[in-house]
Every structure is written in C-alpha cells, then in structure tokens.
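Asker: following is a predicted model, sequence given first.
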Amino acid sequence: MKQTRSLRLSSTDCVGNRPAVSRRDVLKAGAAATSLLLGGASAWAQTSQAARTSLGPVAQTTAGKVRGYNAGPVKCFKGIPYGADTSGTNRFMPPQPPAPWSGVRDATQFGDQAPQGADVGLIHEWGVAIDRSPKSENCLVLNLWTSGLADGARRPVMVWFHGGGYARGSGGWSAYDGTNLARKHDVVFVAVNHRLNAFGFLYLGELGDERFADSGNVGMLDLVAALRWVRDNISDFGGDPNNVTIFGQSGGAGKVTTLMGMPPAKGLFHRAIAESGVDIRAGTLERADRTARALLQALGLRPNQVQRLQQLPWQKIIAAIPTGLGGGLGPVVDHRSLPSNPFDPVASAVSAHVPLILGSTLLEITFMTSTPLDPIDDATLHGLVTRLARGNAAEARKLISLYRRDFAGQSNVRIYQLIATDNWLTANVALVAARKAALGQAPAYVYHFEKLTPVHDGKLGCPHTSEIYYVLDNLNLPDAHLLTGDNPDRYALADRMSRAWTGFARSGVPDVRDLPHWPSYSATDREVMIFNDDCKVVTNPRAAEREAIQSLHELLAEA
C-alpha cells in the first residue's frame, strides 16, 4: 500500500593588572554588548582589552577565576581550559587537568582549535560560519553562555559537540553561538573543543607500551573530561550539574551516541540529542592498528618508533595523513573506555536510562559538494545509485523504481538525493531509535527536519546542517540567511524547535506549546515528528524506503 507522504516537493523544488578604564572604553563595551545581543561579535572583538578585562563578569572554576563579558543579560566566557596542553609527552595520552592560575584569567576570546587540516568540501552557505582561531595542541577549552552566575537557579545545562566528523571543526563556529539559548530559554550552553584526527584517535596500543593503551579514544576522553569539568564547575555558572544534556550535529551527534556506550561518561549527562549523525559501530582494534602503521610509514617511521611521534611538529603529522586514511581515525572498541559498539548488535546498556532525541533532514546529501544539483539523465541516475549499492545494479534498479513510485513527479536529481540521504543517515537513525527503544528504560524521540531553503535557487532543498540555526534559535546571526534564506516565516519554526530542545533538556520530554504531542518511538508505531511550517507527527513514514535501504545495508555487510 502506498505510504502517505509527510513532505511536499514539486519537480521544481530544489533543493592582567587592572587597568584604568576610560569613558570611551565603557561606551565601546556597551556597544559591543548590544551588537552581540543581536548576534554579531565583531564589535566586541574591537573593544579594548581594558574594557574587556575590567567590566566583564567573573566566575570561579576549580583551576582559578575567569572573566568573561556581558552580551546584554547574558554572561559569555570563551576559551576556558578544562584540560592541560596536550603537546609533547601528553600527546596521545588521556587528558590531564589544567594547570591552576592565580589572579583572573581573561575568557573573552575563543581558545585554540585542535590541530587539523584545511576545511574542504563545505558548501559556501555553511562554510561562512568557520572558526578562524589559531590551531594548537593546547586546545582543551570550552565556551559558555549563561544568564546568571552562582545564583542558585540550577538551570539546565546543554553541552554542544561540534561537527566535522572526528577530523575537523571546533566549538567556535559562529553558528554555535549560545547567546539566544541562554537569554531566551534560560539554559547554560557550553561548546567544547577537543582533540581530533590522529591526535585524538590514533590507536597505538599494539605498537607502543602501556602508556599508549588509551590513545585510540583520547579525543572521546577529552569530552568526558569536559563533562567532568561541567559537573565540578557549572554551579558557579548558574547551571545544574544533575541536569546535563549532551547534543551535537553530524560528527557531534556521532560523539553523542558514542558517549552513550562509554562507562567513563556514565552519570555525567542525563539526556542526549543526536542531530543528523549516529555512530552504530566504532572501529576495530585490527583496523585501527593498520591505520596507525600506515601513518607511521607515511612519516618515514618504523613501527617501533612510536615515541618519535610525540616529538614531531603537529603540522607534519597532519600533512602526512594520507587521503582516505582519515576515515580510519575515529573511536575504537578498545575494551577499555569503549568496551563494545554503542548500538550494535543492540544499544549499549551504559546509558539505557538516558532519554534520546535523534533525527535527520530531508536532503542531507546536498551538503556534499560532490552531489549533483542540476538535472541528470536516467543513465547518470542509475550509475550514481549503483555506486551507492557498491556495484549491485539490480539493487540500484529496485531502489530507483521504489522511489519513483512513492515520489511520483520528482526529477532524477531529486530521486538520487533522496536515495543518497536515506542511505547515508535516515535509515540508520531509525535503526538506532528502534534499538534504543528496545531497551525499554528511557524513550527515544525521532524527528525529520523538512523546512526547504530558497537559497542557491532552491537546489539545496534541506541540506545537512540546515536545522542548526533553528535549534539554537540563531536565525538573527549575520550569516544565517545564507543557508536558511530570509523569509520571516522561519522564526516560528525556530521558536518551536528551540523550545522543544530546551524543554527536553529541562524535563526529558520534548512536549511544548504550539507543537503536537510528540510520542516516543517504538518498533511498532515508529512515530516521527516532522518539523516544517506545519509540524505534525507521522506514523511509520516512508516505511518501504526505510526497509529497502536497511536491507541493502544488510546485504552489503554480508558481502
């Protein structure tokens, strides 16, 4: 029986010492705060150091005091260390606490990003949000926004993990600004930097001595350290250490789902949200060891020269990561910090009690610059889908026939985008949700974001990352319209989504006004919240497509 569609697409829809402060400094600081409240940071960056270090709010951490700045009623702190410098002998080692400091440390500028290569393959509409802070191994820092300090308010805490997979990114991207969530929804928002690529996920346990046993997951252990910092410090920033939600998008969502299987993280968070990304499995020790040997070889080192890796400039290591090797640099089932796959063959029991929101966007794949946006013929469509099916032409024909039936009138390019999106993310979201629900101890809530953007002549449709400005209530940021468009109808959806997310952080249930009741997901009803101008709950949407993609995944896994 043909499924009722929850989306409407036409064939044309495309998708230091205290210095003296002058009156001028005070005026500049006030202007900067006003600018930030409206979503801009440039004015604050131009404010003198005297104004920044003398007028900002001061908070106590376990390592020392920090001074931030005011953005209207919101207190902003940036670049707070939650761990020590990871260079030298700390490279590839579990994170250590930050060295204490005396006096008041400036926390008005983003800290360093983790060492990483250049950002490539980003659509312009999202790439404008890139963090341009320096890169270094002294990167264990976090940024924080709150509307109160040590006031006993016990606000929900929302800890954001950035995208970029396990290779790139930072919590300092402009789209991740937490001012609006703190001001409008009274939560404490925290964005985290951590080690990436080889520095966070190079497994050296087979090549080095016992000191390197945890090296394959130190990037994840950084996130655990950040959550411990939240537990120990967040009360001084007006937050509740017993009500912490972890959330992230893309690679950040993968980090969320991986943490759900890590015993060291148990009890450090109480709710979880995974946007457009799930990690069902982590790497194996065998694959991770092959990856480490390949990198050593690329650097001209022998397998017994692991300690030499701690002496090389980080730039040399980044440059030596061969094309294609980056995919082997991610969390590993090391039987230590990650004892098993987080969601395979079942959901990990480590976080069975933690409620989870997860979902995806309608056309995730248009985020990839290799995805065709312009018309394609039948032969090209068949070739592209056959490639997704790893050369199985018969399976490709089945998929194309199914999607053409259920999305009648859609162009070849749109059919490909729908298939590729479901193959990449949508089917796996449903699989994780079902396995989470099967534990029977905490609910899973599934959403599908279907708000089309008019930018790029509408060809992007609803790409990967497009829900972030809505969830973080950041449509007023200067660059948001480049991805979302500038139609005023956007604001109602941003209000609903940000209230659902923060309401879930507050209570564990995403039911809020102006949204229909959002039921939890089950393997029988499979109810999904559709976020669009008309938000609604749909039972078992696109069932035939989901089953076909999951069958393809099973077939390929057996091959």
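Answerer: Good, I have the coordinates. Keep in mind the model is a prediction, meaning the values are calculated, not measured. Numbers count the residues shown, from 1 in each chain.
Asker: ok, the most centrally placed residue in the chain - contacts?
Answerer: Centroid-nearest residue in the chain: residue 252, 2.5 Å away (criterion: Cα atoms, centre = their mean). Counting by Cβ atoms under 8 Å, 6 or more residues apart in numbering, residue 252 touches 160, 161, 162, 163, 169, 275, 277. Any C-beta I mention is one placed from the backbone N, CA and C, and that applies to glycine too.
Asker: what's the closest of those to residue 186?
Answerer: residue 160 (16.5 Å; Cβ to Cβ).
Asker: quick check: beta-bridge partners of that closest one?
Answerer: On the basis of DSSP bridges, residue 160 is bridged to residue 191, residue 247.
Asker: that one against residue 190, yeah?
Answerer: Yes. Between residue 160 and residue 190 there is a contact under Cβ atoms under 8 Å: 6.7 Å.
Asker: name the residue in the two with the higher neighbour count.
Answerer: Ranked by neighbour count (other Cβ atoms under 10 Å), residue 160 and residue 190 place residue 190 first, with 29 against 26.
Asker: residues contacting the more buried one?
Answerer: So residue 190 contacts 142, 143, 144, 157, 158, 159, 160, 178, 226, 230, 234 (Cβ under 8 Å, 6+ apart).
Asker: please name the nearest non-neighbouring residue to it.
Answerer: In this structure, residue 190 finds its nearest non-sequential neighbour in residue 159, 4.6 Å apart by Cβ to Cβ, 6 or more residues apart in numbering.
Asker: the helix ranked longest in the chain - what's its average pLDDT?
Answerer: If you go by DSSP state H, the chain has its longest helix at helix 490-507. The average pLDDT for helix 490-507 rounds to 98.
Asker: buried ones in it?
Answerer: For helix 490-507, the neighbour count (16 or more other Cβ atoms under 10 Å) marks 490, 493-506 as buried.
Asker: closest one to residue 138 out of the residues you listed, please.
Answerer: Nearest member of these to residue 138, counting by Cβ to Cβ, is residue 505, at 30.2 Å.
Asker: I'd say the closest one and residue 240 touch.
Answerer: No. Using Cβ under 8 Å as the test, residue 505 is too far from residue 240 to be in contact (10.1 Å).
Asker: residues that sit against both of those two, list them.
Answerer: 156, 157.
Asker: could you look up the SS state of residue 254?
Answerer: State at residue 254, reduced to three classes by DSSP: H, G, I helix; E, B strand; the rest coil: helix.
Asker: and the pLDDT for it?
Answerer: 98.
Asker: residue 344 too?
Answerer: 97.
Asker: so that it lines up with my notes, have the first residue be 23 from now on.
Answerer: Sure, I'll start counting at 23 from here, so that last one is residue 366.
Asker: do you know how far it is from residue 291?
Answerer: 21 Å (Cβ to Cβ, to the nearest Å).
Asker: more neighbours: the two, which one.
Answerer: Using other Cβ under 10 Å as the criterion, residue 366 and residue 291 rank with residue 291 on top: 24 against 16.
Asker: so that one: helix, strand or coil?
Answerer: Applying three-state DSSP: residue 291 is coil.
Asker: ok, it touching residue 181?
Answerer: Yes. Checked against Cβ under 8 Å, the pair residue 291 and residue 181 is within contact range at 7.2 Å.
Asker: what bits of the stretch 473-581 of the chain have low per-residue confidence?
Answerer: The stretch 473-581 of the chain contains no residues with pLDDT under 70.
Asker: mind redoing it with 80?
Answerer: Residues of the stretch 473-581 of the chain meeting the criterion pLDDT under 80: 581.
Asker: try the chain
Answerer: Using pLDDT under 80, the flagged stretches of the chain are 23-76, 141-143, 344-350, 581.
Asker: tell me the domain ranges of it?
Answerer: 78-376, 380-580 (automatic domain parsing).
Asker: hmm, back to that, can you list contacts of the longest helix of the chain?
Answerer: Contacts of helix 512-529 with the rest of the structure, by Cβ under 8 Å, 6+ apart, involve 178-180, 202-203, 206-207, 209, 265, 267, 269, 293, 295, 377, 379, 467, 473, 489, 491-497, 506, 531-537, 540, 553-555, 557.
Asker: quick one: that helix to chain centroid distance?
Answerer: 17 Å (Cα atoms, centre = their mean, to the nearest Å).
Asker: the closest residue to residue 110 other than its chain neighbours: what's it in contact with?
Answerer: In space, and not counting its chain neighbours, residue 110 is closest to residue 332: 6.3 Å by Cβ to Cβ, 6+ apart. Residue 332 is in contact with 110, 111, 113, 114, counting by Cβ under 8 Å, 6+ apart.
Asker: only C-alpha atoms, please: export the helix or strand where residue 436 lies in PDB.
Answerer: According to DSSP states H and E, residue 436 maps onto helix 434-443. Extracted in PDB, the C-alpha atoms of helix 434-443 (Å, rounded to 0.1, in the frame of the first residue of the first chain):
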ATOM      1  CA  ASN A 434      16.000  12.300 -11.500                       C
ATOM      2  CA  VAL A 435      18.300  14.600  -9.500                       C
ATOM      3  CA  ARG A 436      15.900  14.800  -6.600                       C
ATOM      4  CA  ILE A 437      15.300  11.000  -6.600                       C
ATOM      5  CA  TYR A 438      19.100  10.500  -6.300                       C
ATOM      6  CA  GLN A 439      19.300  13.000  -3.500                       C
ATOM      7  CA  LEU A 440      16.500  11.200  -1.500                       C
ATOM      8  CA  ILE A 441      18.100   7.800  -2.000                       C
ATOM      9  CA  ALA A 442      21.500   9.000  -1.100                       C
ATOM     10  CA  THR A 443      20.200  10.800   2.000                       C
END
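Asker: residue 235: how many residues sit nearby?
Answerer: Neighbours around residue 235, by other Cβ under 10 Å: 18.
Asker: in the chain, which spans are strands?
Answerer: Taking DSSP state E as the test, the strands found in the chain are 80-83, 86-89, 91-93, 96-103, 126-128, 163-168, 177-183, 210-214, 261-271, 293-297, 378-383, 466-471, 549-553, 558-561.
Asker: how about CSV for those strands, with distance to residue 307 added?
Answerer: Compiled in CSV, the strands of the chain are given as follows (distance: least, Cβ to Cβ, whole Å):
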stretch, distance to residue 307
strand 80-83, 37
strand 86-89, 39
strand 91-93, 46
strand 96-103, 32
strand 126-128, 40
strand 163-168, 31
strand 177-183, 24
strand 210-214, 27
strand 261-271, 26
strand 293-297, 25
strand 378-383, 27
strand 466-471, 29
strand 549-553, 36
strand 558-561, 41
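Asker: nearest to residue 441, of those strands?
Answerer: strand 378-383 (13.9 Å).
Asker: the closest one vs helix 434-443, what angle?
Answerer: 160 degrees (axes from the mean of the first three to the mean of the last three Cα atoms, to 10 degrees).
Asker: packing partners for strand 378-383?
Answerer: Using 3 or more Cβ pairs under 8 Å, 6 or more residues apart in numbering; DSSP states H and E as the contact test, the elements touching strand 378-383 are strand 293-297, helix 449-461, strand 466-471.
Asker: a markdown table for those, including distance to residue 87 and mean neighbour count?
Answerer: What follows is the helices and strands packed on strand 378-383, written out as a markdown table (distance: least, Cβ to Cβ, whole Å; neighbours: other Cβ atoms under 10 Å):
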| stretch | distance to residue 87 | mean neighbour count |
| --- | --- | --- |
| strand 293-297 | 30 | 27 |
| helix 449-461 | 41 | 22 |
| strand 466-471 | 39 | 24 |
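Asker: related to what we said a few turns ago, just the CA trace of the longest helix of the chain, in PDB.
Answerer: The C-alpha coordinates for helix 512-529 follow below in PDB (Å, rounded to 0.1, in the frame of the first residue of the first chain):
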ATOM      1  CA  ARG A 512      11.400  30.900   9.600                       C
ATOM      2  CA  TYR A 513      11.100  32.400  13.100                       C
ATOM      3  CA  ALA A 514       8.000  30.500  14.200                       C
ATOM      4  CA  LEU A 515       9.700  27.200  13.400                       C
ATOM      5  CA  ALA A 516      13.000  28.200  15.200                       C
ATOM      6  CA  ASP A 517      10.900  29.100  18.200                       C
ATOM      7  CA  ARG A 518       9.200  25.700  18.300                       C
ATOM      8  CA  MET A 519      12.400  23.700  17.700                       C
ATOM      9  CA  SER A 520      14.500  25.600  20.300                       C
ATOM     10  CA  ARG A 521      11.700  25.300  22.900                       C
ATOM     11  CA  ALA A 522      11.400  21.600  22.200                       C
ATOM     12  CA  TRP A 523      15.100  21.100  22.600                       C
ATOM     13  CA  THR A 524      15.400  23.200  25.700                       C
ATOM     14  CA  GLY A 525      12.200  21.700  27.100                       C
ATOM     15  CA  PHE A 526      13.600  18.300  26.600                       C
ATOM     16  CA  ALA A 527      16.800  19.400  28.400                       C
ATOM     17  CA  ARG A 528      14.700  20.700  31.300                       C
ATOM     18  CA  SER A 529      12.400  17.700  31.700                       C
END
